[in-house]
Each structure stands twice: as C-alpha cells, then as structure tokens.
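Engineer: Have a look at this prediction, sequence included:
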Amino acid sequence: MAGSNGKQKTVRDMILSLGLIGIAAAVVYFLGIPHDDHAPELKRVDYQVELETARRATGYPVAAPEGLPSTWKATSVRFQGENSDRWHLGFQVPGGQYVQIEQSTQKRALFLDDATQGASATKKTENIAGRTWTRYTGGRYDALVLEGTPGSTTVVAGTAPFGKLTQMAEALRMK
C-alpha cells in the first residue's frame, strides 16, 4: 500500500503542473500578444515627382488618374527606367481592395503575365473613355489591358472588382 500513495502524489503533482502551465499560457495569450484584426493603415504617397520623371524619360504616354475620389489612396509608386521603362502606381480603394496601373516597353507576353499576376485574357473587350480594353481574369488579380498601343503595354489590375478597375481606366490620362 505504501507504493500507491507515492503514485497518487506524482499524478496529482503532474495535473497541478499542467494546470499552472495552462493558466500561464492563457495569461501570455491574452495580455502579451496584440490581437488587432485590422490591417495596418497604409500611408498615402505623393506620386507627382515620379510621374513627371517617367513622363520625361519614356518614349510612351505615361498613364496617371485624374479626378478620382479622395477615398482612393495612392500607396505605391515606382519608375524603373533601367527595367523596360516600367511605371507602377498602386491605390487602395474603398473596401480595402487594391488597384494598380502598370506600363512597360517590355515584351508584351512577359509583361502581361507579371502585371496581371498570371491572369488570362477573356474574349470580352470594353470601350472605356474611348479606348478598347480587354478583360483578363485570374486567381489573384483581374485586369484590363489597353489595346492599340504599339511600343508599350498598359494594364489596370488588382484585387478590386471590375467596376473599380473600370473606374480607374476611365480616370487615366496619358501624357
């Protein structure tokens, strides 16, 4: 009988230890780890300097929107003259979705695969602000690709629905 008391004590000690570890883990989880379910606020960027630089440096009309609502927030801008005169301008739109403008003189097929994140052309075209755009659909991005621009390719793409992509395409001014 003397042996069974020692086993009971060992089991009891183990259960108490597990309980204390569980309590400590709960305290760390609730007090030590931030639980913010919201995405971080993205900063608005001013893209005018890069836009003017791109317009002076490229051999094609560089696209930028005019007249978008202030709720469309420019969040990223890049001009890479050494990389096929590549122009990028990205926006966060209401609802947290993303829309970008991409332009380049890179070989069209390679550029489209990258700019549309692998989206595929559909047979649907749209006349938006007097220009013909082809719809592309994909797993990550949907896109509108401007037709009839020899020497460069213009893409409006993103996670936003086609209505927002169309709104961006309507606002684009090519200079």
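Structural biologist: Yes, it's here. Numbering: from 1, shown residues only.
Engineer: Can you list the strands that the strand or helix carrying residue 127 pairs with?
Structural biologist: Under the criterion of DSSP states H and E, residue 127 resides in strand 120-128. Note on strand 120-128: by DSSP bridges, its sheet partners are strand 131-137 (antiparallel).
Engineer: which residues touch the spatially closest residue to residue 124 that is not a sequence neighbour?
Structural biologist: The spatial neighbour of residue 124 that comes closest, neighbours along the chain excluded (CB to CB, 6 or more residues apart in numbering), is residue 135 at 4.6 Å. Every C-beta, even on glycine, is put in place using the N, C-alpha and C of the backbone. The contact partners of residue 135, taken as CB atoms under 8 Å, 6 or more residues apart in numbering, are 121-122, 124-126, 142-144, 162.
Engineer: now residue 126
Structural biologist: Contacts for residue 126 were tallied using CB under 8 Å, 6+ apart; they are 132-133, 135, 144, 166.
Engineer: same thing but at 6 Å, please
Structural biologist: residue 133 (CB atoms under 6 Å, 6 or more residues apart in numbering).
Engineer: picking that back up, show me what counts as buried in the strand holding residue 127.
Structural biologist: residue 128 (16 or more other CB atoms under 10 Å).
Engineer: Figure out how far that strand is from the centre of its chain.
Structural biologist: 22 Å (CA atoms, centre = their mean, to the nearest Å).
Engineer: can you put the contacts of residue 135 in JSON lines and add pLDDT?
Structural biologist: Formatted as JSON lines, the contacts of residue 135 follow (pLDDT from 0 to 100):
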{"residue": "121", "pLDDT": "97"}
{"residue": "122", "pLDDT": "97"}
{"residue": "124", "pLDDT": "97"}
{"residue": "125", "pLDDT": "97"}
{"residue": "126", "pLDDT": "97"}
{"residue": "142", "pLDDT": "97"}
{"residue": "143", "pLDDT": "98"}
{"residue": "144", "pLDDT": "98"}
{"residue": "162", "pLDDT": "97"}
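Engineer: Quickly list what the residue nearest to residue 124 is bridged to.
Structural biologist: Beta-bridge partners of residue 135, as defined by DSSP bridges: residue 144.
Engineer: What of residue 153?
Structural biologist: residue 104.
Engineer: so where do the helices sit in the protein?
Structural biologist: Ranges of helices within the chain are 2-27, 48-57, 108-115, 162-171, based on DSSP state H.
Engineer: In stretch 154-167, which residues are buried?
Structural biologist: Here stretch 154-167 shows 154-160, 162, 164-167 as buried, counting by 16+ other CB under 10 Å.
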